[in-house]
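A.B. asks: Just to be clear, the model below is a prediction. Sequence and coordinates:
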Amino acid sequence: MKISKYGVTLKRLTEDKIEMVRQWRNDPKIAQYMEYRVYITPVMQAAWFKSINNKHNFYFIIEFKGKEIGIINIKNIDYELMEGEGGIYIYDNDYINSDVPFRATLCKIDFCFEDIQLNRITAHVMRDNKRAIKYNQLLGFKLIPDQEHITNQLYVLSKEDYYHSREYVAKLL
């Protein structure tokens, strides 16, 4: 599966790419922002891939200008509630503070709301990750009530909030 929109391409994660993703994920610059911070071995990574390679999880390699730069996902999709949890990280330092993460996220969220018809997307964000909080808020995510003192906070994005925010974010690209 491949999705191209907003100048980025999202390619469904395949087994031949999981070692690259493992190296990225174990890098301290990525791991420091994750709730799960244990070193991931090749065996653990293979088991993880086997567990997520299904219709309830869509993990994509983000490609920009022909270069693989990060990963984005919608996972744990509940097809009864029509919701799933999103995530992203950019590994390539050249694109961390660029508009490319927004391009990739808009592409993924459009896929979620328009192709698989989700009603809402959730995201867990570490309370001390101020950049990720601002990023999610720009996209229309809202902090669930009573999360202020929780370390791994839950945000939610409705279709309506997204479509309102998408117009603003797309103008920035």
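C.D. replies: Noted; the coordinates are in hand.
A.B. asks: list the contacts for the closest residue to Asp92 other than its chain neighbours?
C.D. replies: Residue nearest to Asp92 in three dimensions, not counting chain neighbours: Ile69, with 3.9 Å by CB to CB, 6 or more residues apart in numbering. Placement of C-beta: from N, CA and C, glycine included. Contacts for Ile69 were tallied using CB atoms under 8 Å, 6 or more residues apart in numbering; they are Ile62, Glu63, Ile90, Tyr91, Asp92, Asp94, Tyr95, Val100.
A.B. asks: What's the per-residue pLDDT of Ile69 here?
C.D. replies: Listed pLDDT for Ile69 reads 97.
A.B. asks: what does the helix-or-strand element of the chain with minimal mean pLDDT contact?
C.D. replies: Within the chain, no helix or strand scores below helix 159-172, which has a mean of 83 by mean pLDDT, DSSP states H and E. Contacts with helix 159-172, where a contact means CB under 8 Å, 6+ apart, come from 6, 99, 102, 106, 109, 113, 119-121, 138-142.
A.B. asks: go on, stretch 113-132?
C.D. replies: Contacts of stretch 113-132 (CB under 8 Å, 6+ apart): 33-35, 74, 77, 81-87, 109, 112, 133, 136, 141, 150-159, 162.
A.B. asks: buried subset of those residues?
C.D. replies: For those, a neighbour count by 16 or more other CB atoms under 10 Å gives the buried set as 74, 77, 83-87, 109, 112, 133, 136, 141, 153-159, 162.
A.B. asks: Just confirm Asn73 is within a strand.
C.D. replies: Yes. Counting by DSSP: H, G, I helix; E, B strand; the rest coil, Asn73 is located in a strand.
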